[in-house]
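Asker: Turn this into a structure:
(2 chains)
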Amino acid sequence: MKKLQILGTGCPKCKKLAENTEAAAKALGIEYELEKVTDINEIMKFGVMMTPALAVDGQIKVVGKVPDAEAIKPMLQ
Amino acid sequence: MVTIALSGRAPAAPSEKNLAQLMENQMSECCGTPKTTSSKSCDCGSEAKKIVLLYACSGGANVGEISDRAARELMFEGKGTMFCLAGLGGDIQGMIQTARDADVNLVIDGCPMDCAKKAFDRHGITNYTQIKVTDLGIEKVKGVRCTAEQVEQVATVAREKLMEQTV
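Answerer: Here you go, the predicted model:
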């Protein structure tokens, strides 16, 4: 089970990143748990000062950008 | 954008609580669903804006102070966001990825030891431009405060570099 975390306060880009990440995970057929981390103190614990960001199993994969689902796929594998 | 008044004295370092508040303010402004009423444009909304990060060696000699102050000047001018070089040196994974994903990383080293540049190289991050203070004819000296003119000299070169990178 992959733990996918979207770091961001809930802005349109954060929502888009969550959508694209879910689309990528579904396309790959992987089991996942998606969590939206909106608390700034929690976001900062990842060393992230810019949103949105994506963490996969605790590892930050992308910061400040919204890649499309195709670009996210390799980050989940 | 958070503006902080500059006086002759450097502003106090923010506490962890203040830093969170600062970041919250920045995010609330850059977010499509702001928590505060702000008409400013947004980093995380629909607008495409280049991510420009500023890193200074911030070393112990005068050239380190110059690098630090020049980077802060640029940040307060809105040219980019200053980030912690120590985060790269300390292998903070989120900070490494932040640098990797930035559109422009401006690295200001004080002297030929290239510590800031090496921090980037060590992580295989290649999307950076370096400025070296000693290359601009400023001598490295320990125990001497830098001057406003020296800071401005470096900031001017940095602005030109950023202009080249962001247009």
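Asker: Give the burial count for B:Val133, as a bare number.
Answerer: Other residues within reach of B:Val133, judged by other Cβ atoms under 10 Å in any protein chain shown, total 30. Where C-beta positions appear, they are placed from N, C-alpha and C, glycine not excepted.
Asker: what sits against it?
Answerer: By Cβ atoms under 8 Å, 6 or more residues apart in numbering or on different chains, B:Val133 lies in contact with B:Val63, B:Ile66, B:Ser67, B:Ile108, B:Asp109, B:Gly110, B:Cys111, B:Lys140, B:Gln150, B:Val154.
Asker: Quick check: closest non-adjacent residue to it.
Answerer: B:Val63 (4.2 Å; Cβ to Cβ, 6 or more residues apart in numbering or on different chains).
Asker: Up against chain B, what does chain A have?
Answerer: Within reach of chain B by Cβ under 8 Å from any Cβ of the partner chain, chain A has these residues: A:8-14, A:40-41, A:43-44, A:46-53, A:59-65.
Asker: Mind checking which of those land in strands?
Answerer: Among those, the residues falling in strands (DSSP state E) are A:Ala53, A:Gln59, A:Ile60, A:Lys61, A:Val62, A:Val63.
Asker: Show me which helix or strand of the chain is least confident by mean pLDDT.
Answerer: In the absence of a named chain, this looks at chain A. Least confident helix or strand, chain A: helix A:40-45 with a mean of 92, by mean pLDDT, DSSP states H and E.
Asker: for chain B, same thing?
Answerer: helix B:16-30 (a mean of 53).
Asker: Can you name the next helix or strand after that one?
Answerer: strand B:52-56 (DSSP states H and E).
Asker: what does the average pLDDT come to for that following strand?
Answerer: Per-residue pLDDT over strand B:52-56 has a mean of 97.
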